[in-house]
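Colleague: Take a look and give me a structure for this.
(2 chains)
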Amino acid sequence: MLRSVKLVFAVAVVTFLIAPLLAILPLAFTSSAFLTYPIPALSTRWFQELVTADAWRRSIVNSLIIGLGTTILATVLGTAASLGLRGHNIPFPVAMKTLFLLPMVVPAVVLGVGMQVLFVRLGIASTYHGVIFAHTVVAIPFVIVSVTGALAGIDRRVERAAESLGAAPFTVFRRVTLPLAMPGVLSGAVLAFATSLDEVVLTLFVAGPNQRTLARQMFSTIRENISPAIAAAAFIFIVGTILIAGLVMWQRDRSRAGKPGEA
Amino acid sequence: MKRPSRRNAGALALVLPLFFFIALFFIWPLVTMMSQAVSDTAVLHILPQTASVMTNWDRKSPPTPEMKAAIAADLKAATDTQAVGDMVRRLNSAQSGFRTLMAKTISAVQSSETPPDLAAVDPRWEKPVFWLAISDALSPTTDRNLLAALDLSRDASGKIVALPADASANRVIMLRTFLIAAMVTLACAAIGFPYAMLVATMDGWKRNLLLAAVLLPLWTSLLVRTAAWFILLQEKGLINDALQALHLTSGPVPLIFNRAGVVIAMTHVLLPFMVLPVYSVLVSIPKNLMPAAASLGANPVRAFLRVLLPLSFRGLASGALLVFMSAIGYYITPALIGGPSDQMISSVIAFYATGSANWGMAGALGLILLVVTIALYAVYGRLSAEDTRRA
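Modeller: Sure, this is the predicted structure:
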């Protein structure tokens, strides 16, 4: 009796969590202009719309430019800071880390209002680098969490061994620390890219019509004239998520399997 | 010092770039937002000479000729029509009649070579009440927006009074924001806690499957999840199709653009934030505690209430704080799934900022939301800090 209640509950919750994501996928292939079931016939017209319609194509290109810029900036700044935070060699290490994680907590609209006013004053409103700076702020916490986690897992004795064998500090970093922390850096970079890709609210406030990203385009399409192009874009997002998650897990497994050999 | 100072300098050099970046593009915007809430320079910007002359005024006696001459000179020097418009709007909100008075005066000042006699242009310039309004508006800071965000204002004598009911919308919005966030938190706890318990009792592939079901939505784009709920909840969506096919309802049930839709979609989005903290606490509880309680004669309900619930309370509190804190700042989901009466405080801030360019009100409401969020985060931080200390 209890077992079957548990089973029903588990199935119900898993359905609630997963079904919405599955339900949107087939609609990407509808031939109709409406986002409703049943699908009259299969077609790829909405994927074609994504790559041919000017608004969608430009938004995809913009998302790639801004996402790449954000990934590079957030990964470099975040990895460097994580290395500096390691071993608590700086004043106020805990306060510093809290500060770097805070963008994850502050409501996006609040940050967006401030950025809009300030960016106009600084003359970087409605520019690509302005949007990249805004996205980097909210991507930083993910890089920090992921890289500090990876650095905490490194056995300090390995680095000391390299030092005692005569390696210069930078060589130790390049040949020992960085390779060992690489999985964390990579997953931080992936998360930074994903954050930028999905960011809507800050984009609404700081981007001009020329920096309209894919997420921003999806937001206004849902709001103003909903079309199955949304489902096609969502299809790409979900498949991309699964691929990237698989890639990260594979990378993690490989580095875990590779560790004994390296050490 | 137990470490060489060269290492300290190196560590600092690694941290400083990010520190400056965060100070510049995170702290400064927030400070800008907050200063928007209290700054009030629209009038001071246009009337600098008036401001310096008016410091000698006692606020009671009739306006002096110097004050009139100063304002005439200021208005003649003002060329930025947008800034002049801001000033007029600001003055008119304090004292009605300024719109016509200023329009008349500005055209008189601009058209004549020598400064005209203001009393001849409009007799209202002889009334101290208009000068009082200018004098009050010349102060570069104001608590007007912060008070208005709480549906309060100052009356003529400077006392804080409640705004009339028809002009007070913000308190309703704030209550609604907290209500929706509380409903979502409750729904997440009601689903998430038993689910986390279930996951903790499973092992092997079953546990991985149940965890993957939580993690996959967490990794999926928020926009995609909101779009998915939009499609499911709409009038001809799958949920309504299913309800009608099962003959549970005769017509479509309204699920979108209302409160129910917002709560369902937000619960889906935030459920992982409840399940994961509870789960991580539950797996750390020794497995033999419940059998021990049972062997001492506690029935399952009693054992749950006296052993498992107190031990997992910290996880439940962390999850609830996390969900509530995220929910009060939500913008996208209510904007896309909710109706006009389901908009939360973020939507109102966005409206003031982008819709009506009222930065003062956007800043004031943003400041309130920020303070509440940071306070909740501080409590959450304390909870999780105690957690790691215990572990």
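Colleague: Next, count neighbours for residue B:204.
Modeller: Counted with other CB atoms under 10 Å in any protein chain shown, the neighbours of residue B:204 add up to 7. For the C-beta atoms, the positions are set from N, CA and C on the backbone; glycine is no exception.
Colleague: what separates it from residue B:210, distance-wise?
Modeller: Distance of residue B:204 to residue B:210, given as CB to CB, to the nearest Å: 11 Å.
Colleague: is chain B contacted by stretch A:205-223?
Modeller: Yes: legend: contact between stretch A:205-223 and chain B by CB under 8 Å from any CB of the partner chain is shown at A:205, A:215, A:218, A:219, A:222, A:223.
Colleague: Can you convert the residues you listed into TSV and add a column each for distance to residue B:142?
Modeller: Shown next, in TSV, are these (distance: CB to CB, whole Å):
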residue	distance to residue B:142
A:205	24
A:215	37
A:218	39
A:219	34
A:222	38
A:223	34
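Colleague: List buried members of those residues by neighbour count.
Modeller: A:205, A:215, A:218, A:219, A:222 (16 or more other CB atoms under 10 Å in any protein chain shown).
Colleague: From residue A:223, how far off is the closest residue to the last one other than its chain neighbours?
Modeller: Spelled out, it's residue A:222. Of all residues not flanking residue A:222 in the chain, residue B:336 sits nearest, at 5.2 Å (CB to CB, 6 or more residues apart in numbering or on different chains). From residue B:336 across to residue A:223, the span is 6 Å (CB to CB).
Colleague: ok, back up a step: and the residue nearest to residue A:222, how many neighbours?
Modeller: Using other CB under 10 Å, residue B:336 is surrounded by 22 other residues.
Colleague: and what of residue B:90?
Modeller: Residue B:90 is flanked by 22 other residues according to other CB under 10 Å.
Colleague: and the helix or strand harbouring it, what other elements does it pack with?
Modeller: For residue B:90, the element it lies in under DSSP states H and E is helix B:81-94. Contacts defined by 3 or more CB pairs under 8 Å, 6 or more residues apart in numbering or on different chains; DSSP states H and E place helix B:81-94 against helix B:42-46, helix B:98-111, helix B:128-137.
Colleague: please redo it, this time with the cut-off set to 10 Å
Modeller: Applying 3 or more CB pairs under 10 Å, 6 or more residues apart in numbering or on different chains; DSSP states H and E, we find helix B:81-94 packed against helix B:42-46, helix B:65-77, helix B:98-111, helix B:128-137, helix B:144-149.
Colleague: Run the angle between that helix and helix B:128-137 for me.
Modeller: Between helix B:81-94 and helix B:128-137, the angle comes out at 120 degrees (axes from the mean of the first three to the mean of the last three CA atoms, to 10 degrees).
Colleague: Show residues contacting helix B:81-94.
Modeller: B:40-47, B:74-75, B:78, B:80, B:97-103, B:106, B:130, B:132-134, B:136-137, B:142, B:144, B:154, B:357, B:360 (CB atoms under 10 Å, 6 or more residues apart in numbering or on different chains).
Colleague: Just the buried residues from these, in PyMOL please.
Modeller: Buried members of the contacts of helix B:81-94, defined by 16+ other CB under 10 Å, are picked up in PyMOL with:
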select buried, chain B and resi 40+41+42+43+44+45+46+47+74+75+78+98+101+102+106+130+132+133+134+136+137+142+144+360
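Colleague: circling back: enumerate the positions of the helix holding residue B:90 that are buried.
Modeller: Buried residues in helix B:81-94 (16+ other CB under 10 Å): B:84, B:86, B:87, B:88, B:90, B:91, B:92, B:94.
Colleague: what about that helix, average pLDDT?
Modeller: Mean pLDDT, computed over helix B:81-94, is 83.
Colleague: report the angle between the axes of that helix and helix B:65-77?
Modeller: On the basis of the same axes, to 10 degrees, helix B:81-94 is oriented at 140 degrees to helix B:65-77.
Colleague: Kindly export helix B:81-94 (C-alpha atoms) in PDB.
Modeller: Taking C-alpha atoms only, helix B:81-94 is exported to PDB below (Å, rounded to 0.1, in the frame of the first residue of the first chain):
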ATOM      1  CA  THR B  81      13.800  71.900 -23.200                       C
ATOM      2  CA  GLN B  82      13.800  68.400 -21.800                       C
ATOM      3  CA  ALA B  83      15.400  69.400 -18.600                       C
ATOM      4  CA  VAL B  84      13.000  72.400 -18.300                       C
ATOM      5  CA  GLY B  85      10.100  69.900 -18.800                       C
ATOM      6  CA  ASP B  86      11.500  67.800 -16.000                       C
ATOM      7  CA  MET B  87      11.600  70.800 -13.700                       C
ATOM      8  CA  VAL B  88       8.100  71.900 -14.600                       C
ATOM      9  CA  ARG B  89       6.800  68.400 -14.000                       C
ATOM     10  CA  ARG B  90       8.500  68.200 -10.600                       C
ATOM     11  CA  LEU B  91       7.200  71.600  -9.500                       C
ATOM     12  CA  ASN B  92       3.700  70.900 -10.700                       C
ATOM     13  CA  SER B  93       3.600  67.700  -8.700                       C
ATOM     14  CA  ALA B  94       4.300  69.700  -5.600                       C
END
